[in-house]
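Participant: Curious how this folds, go ahead:
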Amino acid sequence: MQDYNWSTFTKRVPIKASKEAIYNAWTTQAGLESWFLREAHFTTKDGVARTPSEQVKPGDKYKWLWHGYDDSAVEQNEILEANGTDLLKFIFSGNCIVTVSIKEEAGETLCELTQQMPMNDEKEQRYFYIECGKGWSLYLLNLKSILEGGLDLRNKNINLPNVVNA
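Facilitator: Residues are numbered from 1 along each chain as shown. Below is the predicted model:
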């Protein structure tokens, strides 16, 4: 049996799109709402709302809502890094740290997501490892599908719970 490191995981997907298109999909309200979220709101350090096409900056706060869930399923936290081209880092559920890198590898554009679970409780780490791992796998495939001109794979029906695409 494999001995897991429950404190981190990495998910990778090649996407036939430019680095700029992938970066904008992660760092703008309009981009995130096209493949990931029902609503994405960003505010600057000073509390000023960013426009839907404006890229996030370090120190920005976010509020995210998902399709298939009511407004009680909300994530609010902070952008830690955003370099304007190929790196985004933010605090996510459970104070996990998510880093998104966009790179060229083997002639392909690759989107790589690493989530770190900094908590000391292994049971809590396992929960985020498994649950977030499932979620990120779906959403990274949906990002690929949307940017390559495909279908939106998300469940948008709040009355249809416990499905793999929500």
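Participant: C-alpha only now, for contacts and for neighbours.
Facilitator: Will do.
Participant: Can you show me the helices along this protein?
Facilitator: Counting by DSSP state H, the chain has helices at residues 19-27, 29-35, 122-147.
Participant: Buried residues in the second one, which are they?
Facilitator: Residues 29-35 are the ones in helix 29-35 that count as buried (16 or more other C-alpha atoms under 10 Å).
Participant: Then the first one?
Facilitator: Of the residues in helix 19-27, those with enough neighbours to count as buried (16+ other C-alpha under 10 Å) are 19, 22-27.
Participant: What I need now is these written out in CSV, including pLDDT and distance to residue 90 for each item.
Facilitator: Shown next, in CSV, are those (pLDDT from 0 to 100; distance: C-alpha to C-alpha, whole Å):
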residue, pLDDT, distance to residue 90
19, 98, 19
22, 98, 16
23, 98, 14
24, 98, 15
25, 98, 15
26, 98, 11
27, 98, 11
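Participant: Tell me the one among those nearest to residue 5.
Facilitator: Of all the buried residues of helix 19-27, residue 26 has the smallest distance to residue 5: 26.6 Å, by C-alpha to C-alpha.
Participant: residues in contact with that closest one?
Facilitator: 32, 88 (C-alpha atoms under 8 Å, 6 or more residues apart in numbering).
Participant: Make 21 the first number, not 1, from now on.
Facilitator: OK, 21 is where the count begins now, so the last one is residue 46.
Participant: State the distance from it to residue 76.
Facilitator: Distance of residue 46 to residue 76, computed by C-alpha to C-alpha, to the nearest Å: 9 Å.
Participant: quick revisit: residue 67: which of the buried residues of helix 49-55 is nearest?
Facilitator: For the buried residues of helix 49-55, the nearest to residue 67 is residue 49 (15.6 Å; C-alpha to C-alpha).
Participant: pLDDT at the closest one, what is it?
Facilitator: Per-residue confidence (pLDDT) for residue 49: 98.
Participant: Quick check: the two most widely separated of the buried residues of helix 49-55?
Facilitator: Pairwise distances across the buried residues of helix 49-55 peak at 10.7 Å for 49 and 55 (criterion: C-alpha to C-alpha).
Participant: In this structure, where is pLDDT below threshold?
Facilitator: Counting by pLDDT under 70, the chain has low-confidence residues at 21.
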